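# please find the sequence and the predicted model below.
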Amino acid sequence: MFNSLYKLYRGNSKKTPLEDYNTECFKGILEFYPDILKSFIEFLKLPEGNYNVKTQEKHHLPNYPNCIVDMVLESETNICFIENKVNSKEGWEQLTRYSLVLDGIKQIDPTKKTYLKYCTKRVDLKKNIKHNFTQFRWFHIGKWLEKNHKSNVMANNYLIFLKEQQMAMDTSISTNTAITLKHFLKTYESMDFHIKEAIAPFKKQFPNAKIEKQEKISKLREHDRVARLIVKPLKDKSFNSEILYCIHFELVKLQTQIWVHKNHPKCEEIAKRGKASGLFESSEIDQFGLSLRNSKKLFHFIDRENSDQEIRQWFEDSFIKMRTFIDNNKDLNWDLKF
C-alpha cells in the first residue's frame, strides 16, 4: 500500500520528498496503533508515559530561520526530537538547531527531560551532541518491526515499503558478508553462464521476439535476480506483461514465468486457463499481477556431474511449457510476432 501510494505521488509530482512522506507514514502507524507507539518508546529507550506524536513542528530561533523538527514525541515529563534522513545527510547545523530549541525548553521547565535522536539510511556519525543524543538507522527500525509487529498488516506494509526503498537493509559487515564478497564474482559468473546458455532454447520457442536483459545494478537490487525477458507479449500494450526466465539470488532458484498486470483485461482469464492447463506449478494473482510460474531450487543440481546440461534442459522444458500454453490459447490476443 505505502509503495503504491508513493509511486502514485511520484508519478504526479515533479518533486518527491521521500523523507517527509516516510515520516508521515510512520507517524500514522504510531498514532493509529498505541501498542506500536509504546513499543517504539521502548525501542528508543525513553521513559514510560503517554506520548503525543507530531511532525514538521516549527520553532523560532533568532539566528536560525526555518527550524523544523521532523518528528516530536512528547509526554508531560519528557520530550524527544527525531531528525529523519533517507538519501541525504544532516542539513546545515540541523542537530545544533534542535539542541538550541531543547535548551530553551529546558530553561522554561528544568524538570522536563530532553532527548535528541538521529535516524539515517546510511552511516552519518555524530559526536558531542547534548540532550541524551543517540542515533540509529532505518534498518534498525525495520528489524524492530519485523521482530515485534510483522503480524500487524499496516506495519508489515510499511516494512515492505522500507525494503523497497532499500531502507531496511543491514549494511554492517558480518562473517557471511565477507564470505559472500569473496565468492561474489565467481557466483555471478556462474549465474550469468547459465542465463546465457538458456538463451538459445529461449529464442527457439520465441524466435521473433525482442529479448531484453535485466542486469543493471538497480534492476538486480530491485528484483533480486539475473533475468532475460520479453516485454509486453500481449497485443494490448496499455498494461505490462512479460515472458521471463531468471536465476534468483536470495531464493536460490531457477524460475520461468508469464506475468500479466492485474488490471490487464485478460488477466483473470489467463490465470484461470493457466491453472487448468497443468503446465505451471503456480497460478497466482497478487497486488501487482498474475504469475504463471515454474521453478527449481539450485540445490537439486549441487555436485551433479552433468549439472550444466541439466540446468539448460530444465530451462528448455519450461520454455516449451510456456510456448505450449500460448499456442493452446491463441484467442487471448498474444502478439502475432511470436
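Looks like it came in fine. Numbers count the residues shown, from 1 in each chain.
# helix/strand/coil for His131?
Secondary structure state of His131, per DSSP: H, G, I helix; E, B strand; the rest coil, is coil.
# the strands in the stretch 201-338 of the chain, which residues?
212-214, 225-231, 241-248, 253-261, 282-285, 289-297 (DSSP state E, counting those that start in this stretch).
# and those strands, which one is worst for confidence?
The weakest mean pLDDT among those belongs to strand 212-214, with a mean of 83.
# partners of that strand, with directions?
Each strand paired with strand 212-214, and its direction, by DSSP bridges: strand 225-231 (antiparallel).
# mind showing which ranges of the stretch 151-300 of the chain have poor pLDDT?
For the stretch 151-300 of the chain, the stretches with pLDDT under 70 are 170-174, 176-177, 215-219, 221-222.
# show me where it has its helices.
Ranges of helices within the stretch 151-300 of the chain are 153-164, 175-197, 199-205, 217-223, 267-277, based on DSSP state H, counting those that start in this stretch.
# relative to Ile179, which of the strands of the stretch 201-338 of the chain is closest?
strand 241-248 (19.3 Å; C-beta to C-beta). Just so you know, the C-beta spots here come from the backbone N, C-alpha and C atoms, and that holds for glycine as well.
# give me the helices and strands touching the closest one, please.
Helices and strands touching strand 241-248, by 3 or more C-beta pairs under 8 Å, 6 or more residues apart in numbering; DSSP states H and E, are helix 175-197, strand 225-231, strand 253-261, helix 307-328.
# which stretch among the ones you listed is buried most, on average?
Mean neighbour count (mean count of other C-beta atoms under 10 Å) peaks for strand 253-261 among the helices and strands packed on strand 241-248, with a mean of 22.
# within its sheet, name the partner strands of that one and how each one runs.
Next to strand 253-261 in the sheet, as set by DSSP bridges, lie strand 241-248 (antiparallel), strand 289-297 (antiparallel).
# residues contacting it, please?
194, 225, 233-234, 239-248, 266-267, 270-271, 274, 288-298, 311, 314-315, 318-319, 321-322, 325 (C-beta atoms under 8 Å, 6 or more residues apart in numbering).
# filter the residues you listed to the buried ones?
For these, a neighbour count by 16 or more other C-beta atoms under 10 Å gives the buried set as 194, 225, 233-234, 239, 241-248, 266-267, 270-271, 274, 289-296, 298, 311, 314-315, 318-319, 321-322, 325.
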